[in-house]
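# Attaching a predicted model along with its sequence, questions to come.
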Amino acid sequence: MLDKVSDLAAVMADMGVRAKAAARVLAQAPTETKDAALRAMAEAVEAATPEILAANKGDVERATAAGMAAAFVDRLKLDEGRVAAIAGALRDIAALPDPVGAVTEEWTRPNGLTIRRVRTPIGTIGVIYESRPNVTADAGALCLKAGNAVILRGGSDSALSSRAIHAALAKGLEAAGLPADAIQIVPVSDRAAVGEMLAGLGGAIDVIVPRGGRSLVERVQRDARVPVFAHLEGLCHVYIDKAADLDMAVAVTMNSKMRRTGICGSAETLLVDEAVAASHLAPVLDALAAKGCEIRGSEAVRALYPAAKPATEEDFRTEYLDAIISVEIVRGVEGAIDHIARFSSGHTEAIVTEDAAAVERFFNAVDSAILLHNASTQFADGGEFGFGGEIGIATGKMHARGPVGVEQLTSFNYRVSGTGQLRT
């Protein structure tokens with residue numbers, strides 16, 4: 001374990017050099033080789049299940065002893081099913097079309113030049129994440145499929161789990177004849193390692209992807225000297241419109257909030273059209289409360305549902321990642337749009353309604369990365385989009401937006417073919 005800044009800087013710089021060399025190999029690797037590596041990685045993860053679970057047990061015990069919230073421990077915890085899901089995601093990514101070399105556009109100019117825009121690898125991706133050990137496999141696999149090398153820096157809370165998973169990934173790479181340096185993991189939990197990555201490792205890192213809480217992402221966006229794919233938080237909303245089916249409103253809200261409260265696609269705010277507040281509010285909130293969800297409501301909500309705790313403005317700005325929801329009554333779809341514009345982080349919003357005009361207005365006016373109609377916000381996930389997995393949900397508006405999967409981890413170049421044309 002390294003603890004001197006000078007040693008750390010040297011180790012990080014060496015990782016950058018090795019990643020850059022591996023990226024050159026990956027950029028030219030055939031699809032068959034990358035897919036073989038991904039399948040070998042899946043087999044290695046399955047074979048290493050006992051070691052991965054033993055390492056995870058240590059992480060969970062430390063988190064529990066430290067008094068971490070139950071939702072945090074849930075994000076951290078692995079079991080045989082979750083390890084199997086990690087291996088399954090690796091195979092799903094192997095089965096995806098290879099984005100590298102895909103022609104996204106092609107046209108011919110009046111002078112006879114043919115121009116193609118072709119997907120290319122980005123180079124080396126730096127991924128900085130916190131408690132989810134499965135990100136180690138997801139990020140490594142997605143970057144590999146897109147022809148990129150990756151340097152992973154997991155959180156200290158999941159360090160043992162992440163290293164055990166990474167060891168299996170390295171075996172898969174070697175089995176397929178690809179360099180193990182294609183997927184590297186920072187060997188220390190020292191936060192100075194993050195600073196080294198944000199500085200770009202001497203030009204080795206092309207993009208940083210942070211996946212974690214507000215403090216991590218704010219630091220990355222503030223200090224990074226390389227481009228960043230990021231979102232601050234998932235302040236996701238469900239809006240129940242006056243034309244919503246009540247049973248569907250209950251089901252969608254329940255799943256959006258309670259399926260897994262600790263993920264970024266979990267709904268944090270419920271908005272109800274005043275036109276149906278008398279009929280729809282109580283059944284939805286009763287269902288949530290019956291499952292242990294704490295209700296925090298505005299004065300208008302508490303007038304109809306006195307069991308709700310008072311909600312402050314700060315509640316509507318809070319990503320709880322827990323069994324807590326803020327509730328407001330709004331004046332139709334325009335009121336919902338205004339509320340979301342004021343408080344949303346631009347991640348994911350859902351509307352429940354049978355009114356096509358309301359859906360069109362909501363979709364056109366709400367400026368978030370993912371919008372859903374009559375479906376749970378927990379579908380905000382690369383795997384559910386058919387991407388085979390994701391590194392995260394990007395809420396920026398440049399290059400990548402929404403689930404960051406294999407296509408979003410590519411760049412492009414223009415390839416121009418002529419027959420001897422000269423410019424006059």
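Nice, I can see it.
# mind listing the strands for the stretch 1-150 of the chain?
103-108, 114-121, 124-129, 149-153 (DSSP state E, counting those that start in this stretch).
# Among these, which comes closest to residue 277?
The closest of these to residue 277 is strand 124-129. By C-beta to C-beta, the value is 39.8 Å. To be clear about C-beta, it is placed using only N, CA and C from the backbone, and glycine gets the same treatment.
# Each with direction, which strands does that closest one pair with?
strand 149-153 (parallel), strand 207-211 (parallel) (DSSP bridges).
# Which residues does the first one contact?
So the one you mean is strand 149-153. 15-16, 19-20, 22-23, 26, 123-129, 135-136, 139-140, 143-144, 162, 166, 181-186, 193-194, 197, 201, 205 (C-beta atoms under 8 Å, 6 or more residues apart in numbering).
# Which of those residues are buried? Put it as a ChimeraX command.
One line in ChimeraX is enough to select the buried ones among these; burial here means 16 or more other C-beta atoms under 10 Å:
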select :15,16,19,20,22,23,26,123,124,125,126,127,128,129,135,136,139,140,143,144,162,166,181,182,183,184,185,186,193,194,197,201,205
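# how about residue 178, what does it touch?
Residue 178 neighbours (C-beta under 8 Å, 6+ apart): 22, 25, 26, 29, 33, 34, 37, 144.
# and of those residues, the nearest to residue 269?
residue 144 (37.1 Å).
# would you list the strands paired with strand 124-129 in TSV and tack on distance to residue 261?
Listed next are the strands paired with strand 124-129 as TSV, based on distance: least, C-beta to C-beta, whole Å:
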stretch	distance to residue 261
strand 149-153	26
strand 207-211	18
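# Which one of these lies nearest to residue 400?
Comparing the strands paired with strand 124-129 against residue 400 with C-beta to C-beta, the closest turns out to be strand 207-211 (8.9 Å).
# what inclination does the helix or strand following that closest one have with respect to strand 207-211?
For strand 207-211, the following helix or strand on the C-terminal side (DSSP states H and E) is helix 214-223. Between helix 214-223 and strand 207-211, the angle comes out at 160 degrees (axes from the mean of the first three to the mean of the last three C-alpha atoms, to 10 degrees).
# if we look at helix 214-223, which residues are touching it?
Under C-beta under 8 Å, 6+ apart, the answer for helix 214-223 is 128, 130, 194-195, 198, 208, 210, 228, 230-233, 319.
# One more pass at 6 Å, please.
Helix 214-223 is contacted from outside by 198, 208, 210, 228, 230, 232, 233, using C-beta atoms under 6 Å, 6 or more residues apart in numbering.
# Quick one: the strands in the stretch 151-300 of the chain, in order.
183-185, 207-211, 236-240, 267-273, 294-297.
# Reformat these as CSV; add distance to residue 157 and mean pLDDT.
CSV is the format used below for the strands of the stretch 151-300 of the chain (distance: least, C-beta to C-beta, whole Å; pLDDT from 0 to 100):
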stretch, distance to residue 157, mean pLDDT
strand 183-185, 15, 98
strand 207-211, 13, 90
strand 236-240, 24, 98
strand 267-273, 22, 98
strand 294-297, 25, 98
